[in-house]
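In: have a look at this prediction, sequence included:
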Amino acid sequence: MKKIIDWTLILLIFAGVTLVGNMIGYDIYSWAAVPGILVLIAIALIGMIMEEYIPVNIPAVGYIALIGILVSVPWFPGSDYVVQWTSQVELLAITTPILAYAGISIGRNWTDFKDMGWRSLVVAILVFIGTFLGSALIAEVVLRIQGII
């Protein structure tokens, strides 16, 4: 039960930061986005509880994705409301606090990061370079096909 309370508190903190980011960055004021935030919190919390208590080795993000898909498909009762409410929450407003939390958590665990060794640093750099070059290549091809460049 303590884990569920901790998860709820963390999700509520993320919700508050997301609402502020939604308001500042996208001019979607908090009251319009609150139902969507509450739905997203409920989906995340249910997925994390399922991961904890169902004895199948599926990560919480898998459960969260399945629940999110299930409650937003047209044949699900109330899916129109879920889609309408969550469309008031911008994706980048959500990712900002999550990435900040990830950065803080990595920053607190430098000893763990150091224990992975120099090879993990090389792999991370190569992944960043590959992602950047792949994105640039795709953008170049698409922009040339469209005749923009």
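Out: Arrived safely, thanks for sending.

In: so where's the longest helix in this protein?
Out: In the chain, assigned by DSSP state H, the helix with the most residues is helix 118-145.

In: distance between it and the chain's centre?
Out: Helix 118-145 sits 21 Å away from the centroid of its parent chain (Cα atoms, centre = their mean, to the nearest Å).

In: summarise which helices and strands that helix is packed against.
Out: The helices and strands touching helix 118-145, judged by 3 or more Cβ pairs under 8 Å, 6 or more residues apart in numbering; DSSP states H and E, number zero. C-betas here are computed from N, CA, C, even on glycine.

In: let's have the chain start at 279 instead
Out: Fine by me, first position is 279 from now on; the one you just mentioned is helix 396-423.

In: in that helix, which residues are buried?
Out: By neighbour count with 16 or more other Cβ atoms under 10 Å, helix 396-423 contains no buried residues.

In: what's the answer for stretch 306-322, then?
Out: Result for stretch 306-322 [16+ other Cβ under 10 Å]: buried residues 306, 311-315, 317-319, 321-322.

In: I'd like the next helix or strand past the helix or strand harbouring I283.
Out: I283 is part of helix 280-304 when elements are defined by DSSP states H and E. Remark: after helix 280-304, the chain's next helix or strand is helix 308-331, criterion DSSP H and E.

In: could you check the distance from the spatially most central residue of the chain over to I306?
Out: Residue closest to the average C-alpha location in the chain (Cα atoms, centre = their mean): T373, at 5.5 Å. Distance of T373 to I306, given as Cβ to Cβ, to the nearest Å: 15 Å.
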